[in-house]
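[1] Structure, please.
(chains A and B)
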Amino acid sequence: MQDNIFTVKDLSFSYGKQKVLENVSFTLRKGAITTFIGSNGCGKSTLFHLMTKDLKPDTGTILLRDKNIAEIKRKEFAQQAAIVHQYNTAPLDISVEKLVSYGRTPYHTMGLSPDAKTDWEKVKWAMEITDIYKHREKAVSQLSGGQKQRVWIAMALSQDTKILFLDEPTTYLDIRYQLQILRLIRRLNREYELTITMILHDINQSLHYSDEIIAMKNGNILAQGNPEEIITSKLIQTVFDAELTMITENGKPFILPV
Amino acid sequence: MTSKLKIILSFSITAAALVTLFLFAVNTGSLKVTPIELFKGLFISYNENVAAVFDLRFPRIFIAMLGGAATAVSGVLLQAVMKNPLADPGIIGISSGASLTAVLITAFIPSLYYFTPLFAFLGGMLAFFLVYSLAWKGGLSPVRIILVGVAVEAMFSGIMSAFNSGTGSNFSGVASIVNANISMKTWNDLFMLLWYVPAGLIASFFVSGACNLLALEDKTARSLGVNVTGSRIVISVIAVLLAGISTAVIGPISFLGLVVPHIARLLVGSNHKLLTPYSILLGAFTLLLADTVGRTVAAPYEISASIIMAVVGGPFFIFLLRRSRQSYAG
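    Numbers count the residues shown, from 1 in each chain, chains lettered A, B, ... in the order given. Below is the predicted model:
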């Protein structure tokens, strides 16, 4: 299980003159939950956009297994990796089921589905595992924040990929929904063997739910590894520019965010 | 969610209303024929009144219906591409760009008459390109599109009016495009529309799935494997084609492409697989209604359909502008 699913080499990107990422290199382990931590504007989201073909790097390469993603067709890529973005919009009147079924788009040709039965199975599974099946006929706009977020996750899941990116999946949700989402993510990883890469703002949740942490600052990677091994109060202080107390409870590190 | 019953009712009531309006429009004017006379006159034996109606009113009625359908669908597509419920081929200058080229062709190279729609299409593309690129500032804000569009529209229609006045309004073909007057149209004009409009409408069905996906954030659509830029270009070309062709024949009609899709969305929802076909029906109905009202309210004088649309559509546009923020949800 040590094989790498993503290999990022010397990646640089800038918006106009503003450098966002500078010579970033790392690998993502297959079957792991990897979480990026870092302060706002450190380049985490941009990195996700680059890794999911939404943006093109200035220099450097991103390999999916051993193929450069620049050479993978968008549609094929969408059959292998899905992403849930931080901010989403949908028409006011679209139903949950319809929106989740958009996740099947990468398998369609000219807007037509070659296999409606598989489509429905995947859409149904995605709605069931995210616990929104009972809301399938409702309009997405009528749902609560936590339910909406699960609809967007369900849409990505119906893409039936082995790789899932999540950009701040718990932001704006209250703690009950945050845990619901994080447990779902863990379940997808453990039971369905999805390789999960996400961005989280809560340091403790990152430590608790991740197999690997990648700490970023100013477009560079400061540290990568198993949370118990790499997290020190010094690293946290460098990453977030804030002095925080670290305690250890049952062998696990916790940061007191006060 | 829009209920199935509401959708079925909307389609059937509008279709019935269109047929009724058609029969009424056939019968409106100095000549009267009953539906039975009409049927007999058309399919069984010659009837002088029916023949006159057939030559004079039929082309006009069909032109109004086709032009209305084309303009409405053009509005639907532009709104999808620009993610802006206020985009309308008339307001943002596509129609005036198209009519300006149509005017120039009609005046200077009348031998190319049958290709007028193609040139109108090119003029429309030029206007569209101007609006899109001038309004682009790291994204398209709805209000900026409208502002730039209004300026482009004013410029093209200004040139067109200048040309019309400067030539003493002597080119009747030109004047009819400038004034968006469909009273003197013949079967030839109808055939010109028949070449292009059905093709454009059929194409619009094929892109309805892509239109639906464009309603998501661009990055979300991209993550579903959609070539967002490519889809935008294809959909825009179809939209400009439809607006350009109808403009080449009936002149620029403002607000139709705005009012019809908006009402259609309220009735059948935002799914383009229903929205596009319904807008065809409602667009045909609306322009035929405007034209029929225009030739009855002040008979024997006629008010052109575009003026009726402007009078009714203007307030409607302001109403939409005031509540436009509520169209998309997170």
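[2] Quick check: residues of chain A near chain B?
    Applying C-beta under 8 Å from any C-beta of the partner chain, one finds that chain A approaches chain B through A:49, A:52-54, A:74-79, A:82-83, A:85, A:87-95, A:98, A:102-103, A:105-106, A:108, A:110-111, A:137-141, A:148, A:156, A:159. C-beta: built from backbone N, CA, C; applies to glycine.
[3] Among those residues, name the ones in helices.
    A:49, A:74, A:75, A:76, A:77, A:78, A:98, A:148, A:156 (DSSP state H).
[4] Can you give me the neighbour number for the fourth one?
    Residue A:76 has 14 neighbouring residues, counting by other C-beta atoms under 10 Å in any protein chain shown.
[5] try the second one
    Residue neighbour count, defined by other C-beta under 10 Å, stands at 19 for residue A:74.
[6] tell me the contacts of it?
    A:53, B:222, B:225, B:226, B:227 (C-beta atoms under 8 Å, 6 or more residues apart in numbering or on different chains).
[7] May I have the residues that are in contact with the residue nearest the centre of chain B?
    In chain B, the C-alpha nearest the mean C-alpha coordinate belongs to residue B:71, at 1.5 Å (C-alpha atoms, centre = their mean). Applying C-beta under 8 Å, 6+ apart to residue B:71 gives the contacts B:89, B:90, B:95, B:242, B:243, B:246, B:253, B:256, B:257, B:260, B:283, B:287.
[8] In three-state terms, label the most centrally placed residue in chain A for me.
    Central residue of chain A (C-alpha atoms, centre = their mean): residue A:166, 2.0 Å from the mean position. Applying DSSP: H, G, I helix; E, B strand; the rest coil to residue A:166 yields a three-state assignment of strand.
[9] Identify the residue spatially nearest to it, adjacent ones excluded.
    Excluding its sequence neighbours, the residue lying closest to residue A:166 (C-beta to C-beta, 6 or more residues apart in numbering or on different chains) is residue A:198, at 4.0 Å.
[10] Buried only: go through the contacts of residue A:74 for me.
    Of the members of those, the ones counted as buried by neighbours, 16 or more other C-beta atoms under 10 Å in any protein chain shown, are A:53, B:222, B:225, B:226.
[11] hmm, back to that, so what's the residue count around the residue nearest to residue A:166?
    26.
[12] quick one: the strands in chain A?
    A:4-15, A:18-29, A:33-37, A:59-64, A:67-68, A:81-84, A:90-91, A:163-167, A:195-199, A:212-217, A:220-225, A:245-249, A:252-256 (DSSP state E).
[13] Same question for the stretch 201-330 of chain B.
    Per DSSP state E, counting those that start in this stretch, the stretch 201-330 of chain B carries strands over the ranges B:328-329.
[14] Next, format the strands of chain A as JSON lines and append mean pLDDT.
    Supplementary listing: the strands of chain A in JSON lines, determined by pLDDT from 0 to 100:
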{"stretch": "strand A:4-15", "mean pLDDT": "92"}
{"stretch": "strand A:18-29", "mean pLDDT": "92"}
{"stretch": "strand A:33-37", "mean pLDDT": "95"}
{"stretch": "strand A:59-64", "mean pLDDT": "94"}
{"stretch": "strand A:67-68", "mean pLDDT": "93"}
{"stretch": "strand A:81-84", "mean pLDDT": "96"}
{"stretch": "strand A:90-91", "mean pLDDT": "89"}
{"stretch": "strand A:163-167", "mean pLDDT": "96"}
{"stretch": "strand A:195-199", "mean pLDDT": "96"}
{"stretch": "strand A:212-217", "mean pLDDT": "94"}
{"stretch": "strand A:220-225", "mean pLDDT": "92"}
{"stretch": "strand A:245-249", "mean pLDDT": "85"}
{"stretch": "strand A:252-256", "mean pLDDT": "85"}
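[15] Alright, that wraps it up for me.
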